[in-house]
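>>> no sequence for this one, just the structure:
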């Protein structure tokens, strides 16, 4: 494993790409610690030191997870890469609804550039919206734990002008993070957005592990580490699993040369949707919590529907919460796979280039067969995603808080880290294989 790594470092262009990625990640983590103007950084740090971060409002815990804890610190990069991810998902889903987007997707590189431009505009709008909500919650004292009220005011200037400055700085920080991700994708190795999320999640693991070690002792900490290794091994095994459908290409004469006649396969991954269904389900479950926080009565009393939401949809250890979360993940897995993988298009592409599945007629029968196989393989994939996502909820007492997203190697975190790690390793391996090195994967 080390020899391919040394080979990658010895290769000049690969070494430059790796160092470039590391430099961008260092700048990203540096910006995650720089406080926004008008934020009392000492009061925020005193607040986070008094209580664990898991006791904070879980409304924005997914954004806090992706930003590496920068959200609760109200730093320049507090929002992180989440607006761009949300915008990319929305634009991708809109290709099914809006014919213009579907046409751009088929236009190749020019259409993709236009889609990227639309994604950027939507990301800026979402960043402005999210930063406004975060600053509003911080101004009302609902973002950080309630016990932080004795630590002093978090915002030095609560005027409209002061709050607007913080919102603009956070929005600009989200734009810079989006630029960092595109730079990594263009000049580095791997997907830039995914690597930034990976860096944010990895930055939280040492602090969370130290919290568990101090609060639960060495035995529980060792058990958590062993369980994390087992979960990572299981996720790697499932993520690498795929159904290979054999495809045969017929021979054809072009002039005096014969083309085709080769055999290949169409890989269908067990987890075809990736981590997107988990993000969708988590985001939707945060909406009721956000509505309750924003509509809370000044005297602290709650109406009937607010009590219902607080009881069943805000406690991750509640059975109703776990069941709803699990069913939503299964639904969004089927939904996202149906949107991103079109059996009719794949069947038409195979027929266009003279390909066919042995024993299956080209055209409509091939599309029906691909849809049948995809529906069968999506079921275990969706169940696997649901189990990995709700596993921290079932063992919530191992952690130090009621927020499962703050647990190290939680469901969303382990899926993202393993997926990004495998994808980056494959890209480095392909770069090495082009230079006739052995590569990482044997």
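That came in fine, so what should we check first? What you are looking at is a predicted structure, and each value in this text was computed from that prediction instead of being measured.
>>> buried sites along the helix or strand in which residue 348 is found?
Using DSSP states H and E, residue 348 maps to helix 343-352. Judged by neighbour count (16 or more other C-beta atoms under 10 Å), helix 343-352 contains these buried residues: 343, 346-348, 350-351. Where C-beta positions appear, they are placed from N, C-alpha and C, glycine not excepted.
>>> Just name the closest of the residues you listed to residue 329, please.
residue 343 (22.7 Å; C-beta to C-beta).
>>> residues touching that closest one, list them.
Going by C-beta atoms under 8 Å, 6 or more residues apart in numbering, residue 343 touches 366-368, 370-371, 374.
>>> can you check residue 349 too?
Contacts of residue 349 (C-beta under 8 Å, 6+ apart): residue 355.
>>> ok, so what distance separates residue 197 from residue 230?
Using C-beta to C-beta, to the nearest Å, we find residue 197 at a distance of 23 Å from residue 230.
>>> neighbour count winner among the two?
Comparing residue 197 with residue 230 by other C-beta atoms under 10 Å, the one with more neighbours is residue 197, at 27 against 10.
>>> which other helices and strands contact the helix or strand encompassing the more buried one?
Secondary structure assigned from DSSP H and E places residue 197 in helix 192-216. When contacts are defined as 3 or more C-beta pairs under 8 Å, 6 or more residues apart in numbering; DSSP states H and E, helix 192-216 packs onto helix 12-31, helix 61-66, helix 82-97, helix 160-187, helix 218-240, helix 411-434.
>>> pLDDT on the third one, on average?
Regarding helix 82-97, the rounded mean pLDDT is 82.
>>> what's in contact with it?
For helix 82-97, the surrounding residues in contact (C-beta under 8 Å, 6+ apart) are 62-63, 66-67, 101-102, 105, 115, 118-120, 122-124, 126-127, 130, 174, 177-178, 181, 193, 197, 276, 279-280, 283, 339-340.
>>> what do you get if the cut-off is 6 Å, keeping everything else the same?
Residues from elsewhere that reach helix 82-97, judged by C-beta atoms under 6 Å, 6 or more residues apart in numbering: 63, 66, 101-102, 105, 118-119, 122-123, 126-127, 174, 178, 339.
>>> just the fifth one next, same as before
Judged by C-beta under 6 Å, 6+ apart, the contacts made with helix 218-240 from elsewhere in the structure are 212-213, 270-271, 384, 409, 414, 418.
>>> Which members of those residues are the farthest-apart pair?
Maximum distance among these (C-beta to C-beta): 34.7 Å, for 213 and 270.
>>> Settle it for me: which of these two has more neighbours?
Taking other C-beta under 10 Å, residue 213 and residue 270 do not tie; residue 270 has more neighbours (19 against 15).
>>> Can you report how many residues neighbour the spatially closest residue to the more buried one that is not a sequence neighbour?
Spatial nearest neighbour of residue 270, excluding adjacent residues (C-beta to C-beta, 6 or more residues apart in numbering): residue 241 at 4.3 Å. Counted with other C-beta under 10 Å, residues neighbouring residue 241 total 15.
>>> Residue 241 and residue 269 touch, don't they?
No - Residue 241 is beyond contact range of residue 269, at 7.1 Å (criterion: C-beta atoms under 6 Å).
>>> buried set for stretch 179-193?
180-181, 184, 188-193.
>>> which residues are contacting it?
17, 20-21, 24, 28, 81, 195-196, 424, 427-428.
>>> hang on, the earlier thing: tilt between the helix holding residue 197 and helix 12-31?
50 degrees (axes from the mean of the first three to the mean of the last three C-alpha atoms, to 10 degrees).
>>> tell me the mean pLDDT for helix 192-216?
80.
>>> Produce a PyMOL select command limited to the buried residues of the contacts of helix 218-240.
If you want just the buried ones from these in PyMOL, going by 16+ other C-beta under 10 Å, the selection is:
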select buried, resi 212+270+271+384+409+414+418
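>>> could I get the contacts of helix 218-240 as CSV with distance to residue 155?
CSV is the format used below for these (distance: C-beta to C-beta, whole Å):
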residue, distance to residue 155
212, 31
213, 33
270, 47
271, 42
384, 43
409, 34
414, 35
418, 38
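>>> Nearest to residue 319 among the contacts of helix 218-240?
Residue 319 lies nearest to residue 384 out of these, by C-beta to C-beta, at 20.8 Å.
>>> what's that closest one in contact with, if anything?
Residue 384 neighbours (C-beta under 6 Å, 6+ apart): residue 238.
>>> Isn't residue 420 up against residue 198?
Yes - at 4.4 Å, residue 420 and residue 198 qualify as touching, with contact defined as C-beta under 6 Å.
>>> what pLDDT does residue 147 get?
pLDDT for residue 147: 51.
>>> where does residue 273 land in three-state SS?
Classification of residue 273 using DSSP: H, G, I helix; E, B strand; the rest coil returns coil.
>>> ditto for the one 4 residues further on
In the three-state summary, residue 277 is assigned as helix, counting by three-state DSSP.
>>> Identify the residue nearest it in space, chain neighbours excluded?
Of all residues not flanking residue 277 in the chain, residue 332 sits nearest, at 3.8 Å (C-beta to C-beta, 6+ apart).
>>> Show the model's pLDDT score for residue 62.
The predicted local confidence for residue 62 is 61.
>>> list the buried ones in the helix holding residue 197?
For helix 192-216, the neighbour count (16+ other C-beta under 10 Å) marks 192-204, 208-209, 211-212, 216 as buried.
>>> Point out where the stretch 151-300 of the chain drops to low pLDDT.
Confidence mapping of the stretch 151-300 of the chain against pLDDT under 70 gives the ranges 151-153, 251-261, 290, 293-294, 296-300.
>>> Mind doing that once more with 50?
151-152 (pLDDT under 50).
>>> same thing with the stretch 301-442 of the chain?
Within the stretch 301-442 of the chain, the segments meeting pLDDT under 50 span 397-406, 408.
>>> next one: the stretch 1-150 of the chain
The stretch 1-150 of the chain contains residues with pLDDT under 50 at 51-59, 149-150.
>>> Mind doing that once more with 70?
For the stretch 1-150 of the chain, the stretches with pLDDT under 70 are 1-5, 43, 45-72, 141-150.
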